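Trainee: Task: produce atomic coordinates for the following.
(2 chains)
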Amino acid sequence: MTTKENLPEPSNPLGIDGLEFVEYATTQPQAFGALLQKMGFAAVARHRSREVMLYRQGAMNLIVNAHEAAASTPTLSAFALRVRDAAAAYQHSLELGAWEMPTRASAMELNIPGIHGVADTLIYFVDRYRDFSIYDVDFVPLAGTEARPAAIAGLHWFGVVQSILGDRTADWLDFYQHLFGFSVLPRGQYFGVLPKGTLLESPCHKFYLQLIEPPPGAEDVRWDEGLVRVGLGATDVPAAVRALQARGMVFVDRGAVQPSEKGALTQPYLGGVTFELVHSHLKA
Amino acid sequence: MNLDHFGMDTITLAGPLEAKLRAVREARFTQIMLSAQDLVGHPGGEAAAIAAVHKSGLRVTGFQVLRDFEGLDGHLHAYKVDVAKAMLQMCRALGSRILLVCSSASPHASADVRRVVQDLQKLAMLAVPLDIRIAYEALSWGRHVNEYTQAWEIVQSAGRENLGLALDSFHILANRTPLDALEEIEPKKIFIVQLSDFLWQEVRSAEDRIETARHSRVFPGEGVHSEKVIELVRQLDETGYRGDYSFEVFNDDYRQLPLPLVAERARQSVKWITGRVARRSLPARRRA
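Mentor: Got it, this is the predicted structure:
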């Protein structure tokens, strides 16, 4: 007989249910698209009214937005949370002190509500991800492409890394805990091969946020707040590294960040974009 | 404790912003507290005012002041949230890490502490992405919150990292709030201390307090409660407060005197205070 432990769940006021997509902004969408393909993503649809493309790999959706991009280096500009009710999540967040994002929808497009996150980034709320998706409305599928390309080595969203200024960890914990119900993982519980910072677990236990203050001795380094990179989860990191190397990706291979069972980091591409692989217990 | 720990406030001085910045800098202060009027009332607009502040090389102690924010309902609350957002954005553009918020004097403000706490939590949340700390101050004529002890209870209940206290000696002296509760306050939750004295022994009614606060404050050392101000500073220093002291001196006379003269009085006040309060504790020297 199995008994289920009756542990209290951290509250999940918005009914968060994972990451729906991450969005990058870049003025060189073609070059970034080529890089994404090496990373195992495939272009599957184009936005109806803007220079925006949807890439997909397994359960991961990734949007490349060249419409209002300012910089050539692809920069993480948003992530979207799957929630029970997007309008309610949006209202709840505003009541608690989030900054509203102006709507950008054109005629016949979905109005995806969002709030401001760190620096110039946005956090969207999406509730249509089961029977039909936001992409069915706002995007046109590319002819002759596989709508659901399989993931390389079971890759899936693991989390998002956010840089923060010194002594700002507690401020950002307040932000993610009180707006969304994230909880802090105990120190010592970490994943991957990179500086640890503070790890926050989503209330749905499906992804993580990692907050990183400038490391000691980095006083001379320019360090801004922002979203730094995504982490992709893999049950077998070395296998995923090999598969991606075969597709032409290059991983940093020195010091503490060389590829291992725990994780791996790609070299910086296109002026600074990197992807991290993390050993993951999460499901693809 | 030295001149670097003290700053002047633009409200003490007459004239255009650039003249105030120059006078403060020439008196060798390194920081200044600014008001929203300094920015929006600048003939060149906010951007020009902000550029002048940055050019002065003075550090911005804080930005003031958001009034009557907490405890409102419906459209009044929504209106104040809009005002707060604009204040936060100016504060950020200025490079100030502190927004000063005084306890509400509005007759429409609720006495419900839970409500007040919620509103301040919301304000603190709005301030997080902008890297701003909210310094909540008990006005001596605040409708429901008029002593620092009440403000501290509210800050504690709210439990937000970027929400703390502004202490103003005038309001503490005017309401004769005992200083002993200061030792219960975590020093890191005191974000700013404003110092001033005044010339009357007593200010009994709320009207008296408002009138005195807005027109007849003087620098510490110039009034009749200055020993009490010293006691306040000494106690804060002993409990471990290491933040800034800002002279919150509203005085009609000072606003019609030459700026260097007023800035010099401020400097004398710093000397007067530092001469009476022991040096800030330094790390103990290692024995050879």
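
Trainee: who's in contact with residue B:214?
Mentor: residue B:250 (Cβ atoms under 8 Å, 6 or more residues apart in numbering or on different chains). All C-beta atoms are positioned from the backbone trio N, CA, C, and that covers glycine.

Trainee: where does it fall, helix, sheet strand or coil?
Mentor: What DSSP: H, G, I helix; E, B strand; the rest coil gives for residue B:214 is helix.

Trainee: now do the one 3 residues further on
Mentor: The three-state label for residue B:217, taken from three-state DSSP, comes out as strand.

Trainee: nearest spatial neighbour of it, skipping sequence neighbours?
Mentor: residue B:196 (4.1 Å; Cβ to Cβ, 6 or more residues apart in numbering or on different chains).

Trainee: Helix or strand, whichever it is, which one in the chain has the lowest mean pLDDT?
Mentor: Since you didn't name a chain, this refers to chain A. The weakest-scoring helix or strand in chain A, judged by mean pLDDT, DSSP states H and E, is helix A:134-138 (a mean of 87).

Trainee: wrong one, chain B
Mentor: Every helix and strand of chain B was ranked by mean pLDDT, DSSP H and E. The lowest is helix B:206-215, at a mean of 91.

Trainee: Just the buried positions in it, please.
Mentor: B:206, B:209-210, B:212-213 (16 or more other Cβ atoms under 10 Å in any protein chain shown).

Trainee: Equivalent analysis for stretch A:29-38, please.
Mentor: A:29, A:32-33, A:35-36, A:38.

Trainee: is it possible to export the residues you listed to JSON lines including secondary structure, pLDDT and distance to residue A:179?
Mentor: Shown next, in JSON lines, are the buried residues of stretch A:29-38 (DSSP: H, G, I helix; E, B strand; the rest coil; pLDDT from 0 to 100; distance: Cβ to Cβ, whole Å):
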{"residue": "A:29", "secondary structure": "helix", "pLDDT": "97", "distance to residue A:179": "31"}
{"residue": "A:32", "secondary structure": "helix", "pLDDT": "98", "distance to residue A:179": "30"}
{"residue": "A:33", "secondary structure": "helix", "pLDDT": "98", "distance to residue A:179": "33"}
{"residue": "A:35", "secondary structure": "helix", "pLDDT": "98", "distance to residue A:179": "32"}
{"residue": "A:36", "secondary structure": "helix", "pLDDT": "98", "distance to residue A:179": "30"}
{"residue": "A:38", "secondary structure": "helix", "pLDDT": "98", "distance to residue A:179": "35"}
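
Trainee: Quick check, the residue in chain B closest to chain A?
Mentor: Going by Cβ to the nearest Cβ, chain A is nearest to residue B:125 of chain B, at 2.8 Å.

Trainee: shaky segments in chain B?
Mentor: B:278-288 (pLDDT under 70).

Trainee: tell me which parts of it are close to chain A?
Mentor: Remark: the part of chain B in contact with chain A comprises B:85, B:121-126, B:128-129, B:131, B:160-162, using Cβ under 8 Å from any Cβ of the partner chain.

Trainee: at 7 Å instead, please
Mentor: Residues of chain B that fall close to chain A, judged by Cβ under 7 Å from any Cβ of the partner chain: B:121-123, B:125-126, B:128-129, B:131, B:160-162.

Trainee: Mind putting the residues you listed into CSV with secondary structure?
Mentor: Shown next, in CSV, are these (three-state DSSP):
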residue, secondary structure
B:121, helix
B:122, helix
B:123, helix
B:125, helix
B:126, helix
B:128, coil
B:129, coil
B:131, coil
B:160, coil
B:161, coil
B:162, coil
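
Trainee: Buried residues in the least confident helix or strand of chain A, which are they?
Mentor: Going by neighbour count (16+ other Cβ under 10 Å), the buried part of helix A:134-138 is A:134-135, A:138.

Trainee: List the neighbouring strands of the next helix or strand after that helix plus their orientation.
Mentor: Next along the chain after helix A:134-138, taking DSSP states H and E as the criterion, comes strand A:139-141. Paired neighbours of strand A:139-141 in the sheet (DSSP bridges): strand A:42-47 (antiparallel).

Trainee: Tell me the residue of chain A that sits nearest chain B?
Mentor: Counting by Cβ to the nearest Cβ, chain A gets nearest chain B through residue A:97, at 2.8 Å.

Trainee: Look up the closest residue to that residue, ignoring the ones flanking it.
Mentor: Nearest residue to residue A:97, sequence neighbours excluded (Cβ to Cβ, 6+ apart): residue B:125, at 2.8 Å.

Trainee: And residue B:265, by the same measure?
Mentor: Using Cβ to Cβ, 6+ apart, the closest residue to residue B:265 is residue B:219 (5.6 Å).

Trainee: Isn't the one you found up against residue B:267?
Mentor: No. Using Cβ atoms under 7 Å, residue B:219 is not in contact with residue B:267; the gap is 9.4 Å.

Trainee: These two: which has the busier surroundings?
Mentor: residue B:219 (26 against 18; other Cβ atoms under 10 Å in any protein chain shown).
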